[in-house]
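**Student:** Sequence and predicted model, in that order:
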Amino acid sequence: MSAVLPSSTGTTDSAWRELHEAATIPYKKGGSFAWHFARGKLGRDPVFRGLLERGLIGPEHRRVVDIGCGQGLFASLLASMSRMQAQGRWPSSWKATPPAADYTGIELMPKDVARAEASIGHLQPAPKLVCADMCTAPLPECDLVVILDVLHYVNIDAQDGVLQRVRDALQRGGKPNARLLLRVGDASSKRGFAISQWVDRTVTRIRGHKVSPTWGRPLADWIAVLQRLGFSVQSIPMSEGTPFANVLLVADLEPSA
C-alpha cells in the first residue's frame with residue numbers, strides 16, 4: 001500500500017492543516033487552556049512545520065527524547081504523522097517520519113506534565129512523560145533529541161552539562177544518524193533576543209509558572225560547544241513571521257565522536 005499522496009492530489013498546506021487538527025484534538029481532554037495553547041503553538045510557531053518540510057525527522061529516528069516537552073505537543077505531532085502515513089495521506093514531497101515513535105518527554109513543571117498525561121496519555125505507543133529536572137534526569141538511549149527554547153533557563157555550566165549528557169545518550173543509542181535538534185535564541189542579535197525573552201517571561205506567567213533568570217549565548221558560541229562535543233552543526237533561522245532571533249541547530253553526531 002502506498003504511504004504517500006501524489007503531489008498533484010494533495011498540497012502541503014492542506015496536509016499541514018489536517019495534521020494540525022489531528023495533533024491538537026487530543027488536548028480537548030486536557031481542558032480549555034491545553035487545547036487553545038496547543039492550537040496556537042502548533043499553528044503559529046514556525047519550527048514544527050519547518051522540521052517536517054525540511055525532512056529533519058527521519059524514520060530512523062524512532063527513539064525520541066523531548067527535553068522541556070511542556071504538554072507533549074511533539075508527541076502528539078509524531079503520532080498524528082504516523083497515522084497520516086499509515087492511511088496513505090502523506091504528501092510525496094514530505095520525508096517519512098518514524099512509523100511508531102518511542103517517545104520520552106522530560107518536563108520540570110508538574111502542571112504541564114499533568115496536562116500532557118490528561119491529553120495524550122492514551123496514545124499508542126504510550127508516551128513516557130517524566131516530571132524531572134533536565135539537568136539531572138536520566139536520559140535513555142535514543143536516536144533523536146529535541147530541545148526547543150529550553151536551555152536558556154539554566155546557567156552556562158548547566159547548559160554544557162545537559163548537552164554533554166545528550167551526546168552520551170545519542171552515543172549509547174548507537175545509530176549512525178543520531179541527531180540533536182536544538183532551538184536557541186541568538187544573543188548576538190540583541191533586539192530579537194530581548195523580544196523573545198520578554199515574550200518567554202510573559203508566556204511563563206500565563207502558564208502559571210514562576211519566572212526565573214535566563215542565560216543566552218551568541219550563535220557562534222552555541223555552535224562551538226556542539227562541535228567540541230563531536231557534532232557537525234547546521235544552523236537554520238527559525239523565526240519566520242516573528243520578531244525573535246531564534247535559530248534551529250541541526251546537530252548530527254559524528255561517527256568518530
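**Tutor:** That came through fine.
**Student:** ranges for the helices of this protein?
**Tutor:** With helices called from DSSP state H, the chain shows them at 12-24, 32-44, 46-53, 73-86, 110-120, 156-173, 190-206, 219-228.
**Student:** Return the set of buried residues in the third one.
**Tutor:** Buried residues in helix 46-53, counted by 16 or more other Cβ atoms under 10 Å: 46-52. In this view, the C-beta of every residue, glycine as well, is placed from N, C-alpha and C.
**Student:** Dump the residues you listed to TSV, plus distance to residue 244 and pLDDT.
**Tutor:** TSV is the format used below for the buried residues of helix 46-53 (distance: Cβ to Cβ, whole Å; pLDDT from 0 to 100):
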residue	distance to residue 244	pLDDT
46	10	90
47	11	93
48	15	94
49	16	94
50	13	92
51	17	94
52	20	93
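**Student:** rewinding a little: buried deepest among the helices of the chain, which one?
**Tutor:** helix 73-86 (a mean of 22; mean count of other Cβ atoms under 10 Å).
**Student:** Spatially central residue in the chain, please.
**Tutor:** The structure's the chain has its C-alpha centroid closest to residue 146; by Cα atoms, centre = their mean the separation is 4.4 Å.
**Student:** from what I can see that one touches residue 64, true?
**Tutor:** Yes. Applying Cβ atoms under 8 Å as the test, residue 146 and residue 64 come out as touching, 6.8 Å apart.
**Student:** quick one: common contacting residues for the two?
**Tutor:** Overlap of the contact sets of residue 146 and residue 64 (by Cβ atoms under 8 Å, 6 or more residues apart in numbering) consists of residue 74.
**Student:** give me every residue that touches residue 152.
**Tutor:** 159, 184-185, 197, 200, 214-216.
**Student:** measure it to residue 217 for me?
**Tutor:** 8 Å (Cβ to Cβ, to the nearest Å).
**Student:** what residues do those two have in common as contacts?
**Tutor:** In contact with both residue 152 and residue 217: 159, 184, using Cβ under 8 Å, 6+ apart.
**Student:** Using a markdown table, lay out the contacts of residue 152 together with distance to residue 81 and pLDDT.
**Tutor:** Listed next are those as a markdown table, based on distance: Cβ to Cβ, whole Å; pLDDT from 0 to 100:
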| residue | distance to residue 81 | pLDDT |
| --- | --- | --- |
| 159 | 29 | 98 |
| 184 | 24 | 94 |
| 185 | 27 | 89 |
| 197 | 31 | 75 |
| 200 | 27 | 74 |
| 214 | 31 | 85 |
| 215 | 33 | 90 |
| 216 | 31 | 90 |
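**Student:** What ranges in the chain fall below the confidence cut-off?
**Tutor:** Counting by pLDDT under 70, the chain shows low-confidence ranges at 1-10, 190, 192, 207-209, 239-243, 257.
**Student:** can we see that at 90?
**Tutor:** 1-11, 185-214, 237-246, 255-257 (pLDDT under 90).
**Student:** ok, residue 102 - contacts?
**Tutor:** By Cβ under 8 Å, 6+ apart, the contact set of residue 102 is 62-64, 125.
**Student:** if I pick residue 124, what's in contact with it?
**Tutor:** residue 79.
**Student:** Quick check: the closest residue to residue 57 other than its chain neighbours vs residue 172, distance?
**Tutor:** Nearest non-adjacent residue to residue 57, counting by Cβ to Cβ, 6 or more residues apart in numbering: residue 97, 5.0 Å away. Taking Cβ to Cβ as the measure, residue 97 falls 23 Å from residue 172.
**Student:** Residue 189 now?
**Tutor:** Taking Cβ to Cβ, one finds residue 189 at 35 Å from residue 172.
**Student:** how many other residues sit next to the residue nearest to residue 168 when sequence neighbours are not counted?
**Tutor:** Once flanking residues are discounted, residue 168 sits nearest to residue 139: 7.5 Å by Cβ to Cβ, 6+ apart. Neighbourhood size, residue 139 [other Cβ atoms under 10 Å]: 21.
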